[in-house]
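Asker: sequence and computational prediction follow.
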Amino acid sequence: MHNKYGIKLISAVGIIAMGLTLNGCGKPQAAGIPPQPPPAEVGVVVVQPQRVALTTELSGRTSPCQVAEVRPQVSGIIQKRVFTEGSDVKAGQVLYQIDPAMYQSAYAGAKAVEARAEANLVAVRLKEDRYKDLVKIKAVSRQDYDDAYAALRQSEADVASTRAAVESARINLAYTRISAPISGRIGRSTITSGALVTASQPTALATIQQLDSMYVDVTQSTADLLKLKQKLANGVLKKSGTAQVKLLLEDGSPYPLTGMLKFSEVTVDQSTGSVTLRAVFPNPKQALLPGMFVRAIIEDGVSENAILVPQRGVTRNPKGEAMVMVVGAEEKVEPRVIKVVQTLGDNWLVNEGLKAGDRVILEGIQKARPGTAVKTVPFGSAPTATPASAPQPTAAKK
């Protein structure tokens, strides 16, 4: 009796346990599979054509607009130097004084010769005047009058010659005072008082440089020059109205004033294959000094429909080609090979590969695999917040 009751009890427990097991195994397996993650969020910028001025950065050096080397024009002993080295001088200001004694004597002698010639001219002229009247009444022969007239002309020539000698002596005497030919900053003196100098000597006594305005001479390769001309001829670029030039100093800081492009050489340097361009810059505070290394930014032209892409969005493929990731149809990532021309600030100027309206990925590129769907947000906006404690599905227990 008890055995039968125990057997029934065990059978009932087994049936219940089997039912619970079958019930648990009969739940949907999908409840234990995690849901698909949402599309990755990427920051994009929409390409829009814009008007930009294209520039070329070239290196060069500064040079003064006017340079004058001070040299003596007469020989003699320097008595004194009457300027301060490194100071500003004015045109005509006396710089050196040569001993004038010898030249004063020569000037005085020339004046004496001139006075004698003029005195002789008076007597000859009076004689010619008398003979002119006498020859009319035939009181003197025609030959005597011709001789008197010739003597007058010779005396007049002598006076003119002596006056020229006096002027030459006066000029030489004035040259003993060596003056500044131009206004500007004068450098160091190469001679001292008591030194002997000679006329037109090869060594300059000092050098004066005008620093109010400065030249900047830069070189440009002929290949770049030809490319620029082709772009202007094809209409890709439009020539700007004024050829303005900006300047970067040796430390990279910009020069505050704008210069103007003056001319371009017509002869190519055979050793470098380049041409020289010259710009002039105002230099009122004399911040630019002769011989400084600078970089000139020259405006080549204007592009009316330029495509610019931030540099952070451009990468290189194994072939070395520039490429970007764009969001195409069905919100999927597509790699795009582009051609870049030059940098403009933080952007690349794109020549081929992009058009207006393309969405270029700038943020989240590491998550943007080609062919995957993404969620686009404007670049620089705050990312969409993700719930910090989302309920995690638990696997069903068997």
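Answerer: Ah, there it is.
Asker: what ranges does the stretch 151-300 of the chain have for its helices?
Answerer: Using DSSP state H, counting those that start in this stretch, the helices of the stretch 151-300 of the chain run over 222-234.
Asker: wait, what's in contact with Ile78?
Answerer: Counting by Cβ atoms under 8 Å, 6 or more residues apart in numbering, Ile78 touches 96-99, 191-197. For glycine as for every other residue, the C-beta is placed from the backbone atoms N, C-alpha and C.
Asker: number of nearby residues for the closest residue to Ser381 other than its chain neighbours?
Answerer: Counting by Cβ to Cβ, 6 or more residues apart in numbering, the nearest residue to Ser381 once its immediate chain neighbours are dropped is Gly43, at 7.1 Å. Other residues within reach of Gly43, judged by other Cβ atoms under 10 Å, total 18.
Asker: Val52 now?
Answerer: Neighbour tally, Val52, other Cβ under 10 Å: 17.
Asker: so how far is Tyr96 from Val82?
Answerer: Counting by Cβ to Cβ, to the nearest Å, the gap from Val82 to Tyr96 is 7 Å.
Asker: out of the two, which sits in the busier spot?
Answerer: More crowded of Val82 and Tyr96, by other Cβ under 10 Å: Tyr96, with 24 against 12.
Asker: any stretches of the stretch 101-250 of the chain with poor pLDDT?
Answerer: Under the criterion pLDDT under 70, the flagged ranges of the stretch 101-250 of the chain are 231-242.
Asker: list buried members of the contacts of Ile78 by neighbour count.
Answerer: 96-98, 191, 197 (16 or more other Cβ atoms under 10 Å).
Asker: just these now: which is nearest Pro256?
Answerer: Set against Pro256, the nearest of the buried ones among the contacts of Ile78 by Cβ to Cβ is Tyr96 (38.0 Å).
Asker: what residue is smack in the middle of this protein?
Answerer: Using Cα atoms, centre = their mean, the residue of the chain that lies closest to the mean C-alpha position is Ala296, 1.1 Å off.
Asker: can you tell me which residues contact that one?
Answerer: Applying Cβ under 8 Å, 6+ apart, the residues near Ala296 are 57-60, 216, 218, 245-248, 259, 277, 279.
Asker: filter those to the buried ones?
Answerer: 58, 60, 216, 218, 245-247, 259, 277, 279.
Asker: burial measure for Val135, as a count.
Answerer: Using other Cβ under 10 Å: Val135 sits among 18 other residues.
Asker: and it, what are its phi and psi?
Answerer: Phi and psi for Val135, reported as degrees, to the nearest 10, are phi -70, psi -20.
Asker: pretty sure it contacts Tyr145?
Answerer: Yes - applying Cβ atoms under 8 Å as the test, Val135 and Tyr145 come out as touching, 4.2 Å apart.
Asker: so what sits against both of those two?
Answerer: If you check Val135 and Tyr145 against Cβ under 8 Å, 6+ apart, no residue is contacted by both.
Asker: quick one: the strands in the stretch 1-150 of the chain?
Answerer: 40-46, 50-70, 76-81, 88-89, 94-98 (DSSP state E, counting those that start in this stretch).
Asker: out of those strands, nearest to Ala157?
Answerer: strand 76-81 (32.0 Å).
Asker: contacting residues around Lys80?
Answerer: So Lys80 contacts 96-97, 193 (Cβ under 8 Å, 6+ apart).
Asker: please name the bridge partners of Arg177.
Answerer: Judged by DSSP bridges, the bridge partners of Arg177 are Gln97.
Asker: thinking again about what came up before, reformat the buried ones among the contacts of Ala296 as JSON lines; add distance to Thr176.
Answerer: Shown next, in JSON lines, are those (distance: Cβ to Cβ, whole Å):
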{"residue": "Leu58", "distance to Thr176": "47"}
{"residue": "Gly60", "distance to Thr176": "42"}
{"residue": "Val216", "distance to Thr176": "39"}
{"residue": "Val218", "distance to Thr176": "44"}
{"residue": "Val245", "distance to Thr176": "45"}
{"residue": "Lys246", "distance to Thr176": "48"}
{"residue": "Leu247", "distance to Thr176": "43"}
{"residue": "Gly259", "distance to Thr176": "41"}
{"residue": "Leu277", "distance to Thr176": "44"}
{"residue": "Ala279", "distance to Thr176": "41"}
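Asker: closest to Asn305 out of the residues you listed?
Answerer: Distance to Asn305 across the buried ones among the contacts of Ala296 (Cβ to Cβ) is lowest for Lys246, with 24.1 Å.
Asker: excluding its backbone neighbours, what's nearest that closest one?
Answerer: Ile297 (4.3 Å).
Asker: for the closest residue to Gly328 other than its chain neighbours, pull up the helix or strand it's in.
Answerer: Nearest non-adjacent residue to Gly328, counting by Cβ to Cβ, 6+ apart: Glu334, 4.2 Å away. Assigned by DSSP states H and E, Glu334 belongs to strand 333-337.
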